[in-house]
Each structure stands twice: as structure tokens, then as C-alpha cells.
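Colleague: here is my input, please return the structure:
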Amino acid sequence: MKTVLITGANKSIGLETARQLLQQGHFVYLGSRNLEHGQQAVDRLKTEGLNQVEVLQIDVSDSDSVHAARAALGRKIESLDVLINNAGITGGMPQSALKASVEQYRMVFETNVIGVFRVTQAFIDLLQKSSEPRIVNVSSSQGSLTLAADPESQYYHHKGAVYQPSKSALNMYTIILAYELRDTPIKVNAVDPGFVATDFNNHRGTGTVQEAGTRIAKYALIGADGPTGQFFSEEYNPETGAVPW
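Modeller: Prediction:
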């Protein structure tokens, strides 16, 4: 049984990913900024017969919260098998390159990029004690520079001057982290769950949380011969999942 920590998992894609990993027999620590909301999500899962789950209060934008979460988890387990950096925000729409505020950039990067730094660095020692550790950074095809510049791309006209750069930065962090860990068992990948209908995008998406959860869970459980340092979007490329940086 693998142990899994998912940030931002009290609703939507994070919650569905937790559900699917629980259904596969793993123990999930459901990360939630709000403890009450996280416990409500845990209670909901338990009503479905999925009992190997606990809430872990963690606000990825707050260093004290992340360190407290690491200490709390360390009292429960000696190693962590999977870290899914799922917590993220859009920063509100529309986002204009000429009109977006500096505060918007700071807020979004604090969660989507710096938050991933914080959590990964805080929990890396527990991951290093696992025999098959995996890190999944939940990204977006919107972070692809190649697709953003391609007029033929499906989402070419979907531009977000704050959100998209945050995912591009996350992708670069994924590359560098995977490089630094290349001689270890830890595999690190960026995964796009797809344009999913959730409150994250006012339910404008065309995909389902079930599809998104399946995509993320797949790369959380890759074997020893699986990829690392790669960017996957099965919505963009259903055959191989590979997406250009």
C-alpha cells in the first residue's frame, strides 16, 4: 500500500484523484488549506467505503503551515511514496498583460510556483525514504510556450497573462527537479489534467473530474521504467500524452 499526499485535495480534481487512488488500495493524506473543508471531504469519502484517508491541514502559500504539516505527517509515517502538487489558483479572469496587477502575479506565483517549491523541499526527505517515490506537478497545457505561440492550437485564444506564466515556471521547475534527482529512484513529471469543468474555471471546461483524476493517478503510479522530467497532456495528445514545452 502506497502513501500519498495530495495538496488542494478537498474538492474537484484533487478530491477525485484521492478517490481513485483510494479505490486502488492506497492510503491518502488529503491536503487542505481549510481543516473543516478537508474533514468534510474525508467524511464524504468514508461514506463511500474509502476509509484509508486522513486530512492534513496545509496552506502551500504559508511556510509555517507547510512546516507544521511536514512535522504532523512525520509523526504518522516514516516514508512517503507519492507527492501530488495539485493546489493552484487562477488569479481571476480576464488577465491582461497590460492591465494585470503586480499583486495578481504575486498571489498566483505564491501558490502555483513557490508553493510547489515549499512543499517539495519540505517533504523530500520522506520521499527519499520510499523505494519508488513519485512527484506529480499538476500543470496545464496552457503553460506550454510552444502551444501558446501556435495560432493553430486549440486554446490559442485562451490567454491568461498571470496563470499561464505560473504554469510555465512550474514546468521549468519540474525539468530542473527531475534533473537533480536523475540518479535517484524519484520520478518527477508535469501532468495536465485537461480543461475540466470545475469551479476553478466557472465550470466552462469540457472534460470531467473523473478523466482528470485518472490522468494524474496514472503518472503518480508509474513503474521503475516510467518517464521522468516529462510534460504530459492526454487531452492534447491522447496517444502518447506528450506535449511540447
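Colleague: hey, let's count contacts and neighbours off CA atoms from now on
Modeller: OK.
Colleague: list the residues that contact the residue lying farthest from the centre of the chain.
Modeller: Most distant from the centre of the chain: Leu98, at 28.7 Å, with distances by CA atoms, centre = their mean. Shown in contact with Leu98 (CA atoms under 8 Å, 6 or more residues apart in numbering): no residues.
Colleague: next, it: secondary structure please.
Modeller: The three-state label given to Leu98 by DSSP: H, G, I helix; E, B strand; the rest coil is coil.
Colleague: quick one, strands of this structure?
Modeller: 3-6, 27-32, 53-57, 82-85, 134-138, 187-192, 230-233 (DSSP state E).
Colleague: what angle separates the longest helix seen in the chain from strand 187-192?
Modeller: As assigned by DSSP state H, the longest helix anywhere in the chain is helix 163-180. Interaxial angle of helix 163-180 relative to strand 187-192 (axes from the mean of the first three to the mean of the last three CA atoms, to 10 degrees): 160 degrees.
Colleague: with only the CA atoms kept, save helix 163-180 in PDB.
Modeller: Below are the C-alpha coordinates for helix 163-180, written out as PDB (Å, rounded to 0.1, in the frame of the first residue of the first chain):
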ATOM      1  CA  TYR A 163      -1.900  32.000 -14.800                       C
ATOM      2  CA  GLN A 164      -0.100  30.800 -17.900                       C
ATOM      3  CA  PRO A 165       3.300  32.100 -16.900                       C
ATOM      4  CA  SER A 166       2.900  30.400 -13.500                       C
ATOM      5  CA  LYS A 167       2.400  27.100 -15.200                       C
ATOM      6  CA  SER A 168       5.400  27.700 -17.500                       C
ATOM      7  CA  ALA A 169       7.500  28.400 -14.400                       C
ATOM      8  CA  LEU A 170       6.200  25.200 -12.800                       C
ATOM      9  CA  ASN A 171       7.200  23.200 -15.900                       C
ATOM     10  CA  MET A 172      10.700  24.600 -15.800                       C
ATOM     11  CA  TYR A 173      10.900  23.700 -12.100                       C
ATOM     12  CA  THR A 174       9.800  20.100 -13.000                       C
ATOM     13  CA  ILE A 175      12.600  19.800 -15.500                       C
ATOM     14  CA  ILE A 176      15.300  21.000 -13.100                       C
ATOM     15  CA  LEU A 177      14.000  19.000 -10.200                       C
ATOM     16  CA  ALA A 178      13.900  15.800 -12.300                       C
ATOM     17  CA  TYR A 179      17.500  16.600 -13.500                       C
ATOM     18  CA  GLU A 180      18.700  17.000  -9.900                       C
END
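Colleague: relative orientation of it and strand 134-138 in degrees?
Modeller: Using the same axes, to 10 degrees, helix 163-180 lies at 160 degrees relative to strand 134-138.
Colleague: who touches helix 163-180?
Modeller: With CA under 8 Å, 6+ apart, helix 163-180 has contacts from 89-91, 108-109, 112-113, 116, 137, 139-140, 142-145, 186-190, 228-231, 245.
Colleague: avg pLDDT for that helix?
Modeller: The average of the pLDDT scores along helix 163-180 is 98.
Colleague: circling back: against Ala212, how distant is the residue farthest from the centre of the chain?
Modeller: 32 Å (CA to CA, to the nearest Å).
Colleague: contacts only, for Ala41.
Modeller: Contacts of Ala41 by CA under 8 Å, 6+ apart are Asn10, Lys11, Leu15.
Colleague: ok, 6 Å please
Modeller: Asn10 (CA atoms under 6 Å, 6 or more residues apart in numbering).
Colleague: just give the number of residues close to Gly194.
Modeller: 23 (other CA atoms under 10 Å).
Colleague: that one and Val4, how far apart?
Modeller: For Gly194, the distance to Val4 equals 22 Å [CA to CA].
Colleague: with Gln230 instead?
Modeller: Distance, Gln230 to Val4, by CA to CA: 20 Å.
Colleague: next one: Gly38
Modeller: Taken as CA to CA, the span from Gly38 to Val4 is 15 Å.
Colleague: please consider this matter closed, and thank you.
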